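*Asks:* test case, fold it:
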Amino acid sequence: MSYFAVAVARTGGHWTGVEVDLDEVDDLEGLTDLLRDLTEDGPGPALLLLEEDDEYVAIVRVDGGASSLGEPRVFLSDRRAVQASEVAALLWEDGDADEEGDDDDEEDEGTRPVAEPVGDPDLLADLGTSRDQLLRLCAEEGLLPADVLTSICERAGCDDVLEELREG
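*Replies:* Presented below is the predicted three-dimensional model:
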């Protein structure tokens, strides 16, 4: 599977960003440290924005500051990604994302099951994307994960950083 992952951070009133190679990250704690480093001891926030094979969106948020030791907040647009992707499993350390059992066996062949988001859908509320907006974006028919990330970044004011990183 291939993925696109970037970390963006608000520092000094503007956004900066870097592309992230998750093969170099051992666990969520290591990713949290990387994100905190991007805030340069400011309040942040720092976000990991990821899309993998046009299948799902993952967002990890860390708030900065030298004394900020809060836990990272994680959102996945589809819980099934944890079983199918090592990257998603790395980000979702909360255990089994399939606690309600797998009902996919009963679906018609050729139809894609409805995605079930997991995590904290409120993690972007102060950046212009409410819980309801995030869930609607993730569920919108025909909207690709890259489009979801673009919409999120437009609302947060970091879409220029995202586009610059996409262009390489």
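
*Asks:* next, the buried residues of the helix or strand hosting Ala146.
*Replies:* Using DSSP states H and E, Ala146 maps to helix 145-156. Residues of helix 145-156 classed as buried by neighbour count (16 or more other CB atoms under 10 Å): Pro145, Val148, Leu149, Thr150, Ser151, Ile152, Cys153, Arg155, Ala156. For the C-beta atoms, the positions are set from N, CA and C on the backbone; glycine is no exception.

*Asks:* okay, the last one: pLDDT?
*Replies:* Okay, so that is Ala156. Model confidence at Ala156, expressed as pLDDT, equals 97.

*Asks:* try the second one
*Replies:* Per-residue confidence for Val148 comes out at a pLDDT of 97.

*Asks:* I'd say Gly70 and Gly64 touch.
*Replies:* No. The pair Gly70 / Gly64 is not scored as a contact, 10.0 Å apart, by CB atoms under 8 Å.

*Asks:* quick one: distance of the biggest strand by length in the chain to the chain centre.
*Replies:* Secondary structure of the chain per DSSP state E: the longest strand is strand 3-11. For strand 3-11, the distance from its own C-alpha centre to the chain's C-alpha centre is 9 Å (CA atoms, centre = their mean, to the nearest Å).

*Asks:* what are the contacting residues of stretch 31-41?
*Replies:* Residues from elsewhere that reach stretch 31-41 (CB atoms under 8 Å, 6 or more residues apart in numbering): 7-12, 16, 18, 20, 22, 25, 44-48, 60, 62-66, 68, 72, 90-91.

*Asks:* Leu90 and Asp26, how far apart?
*Replies:* 8 Å (CB to CB, to the nearest Å).

*Asks:* what's the answer for Ala146, then?
*Replies:* 27 Å.

*Asks:* quick revisit: restricted to buried residues, select the contacts of stretch 31-41 in ChimeraX.
*Replies:* In ChimeraX syntax, the buried subset of these is picked out as below (16+ other CB under 10 Å):
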select :7,8,9,10,11,16,20,22,25,44,45,46,47,48,60,62,63,64,72,90,91
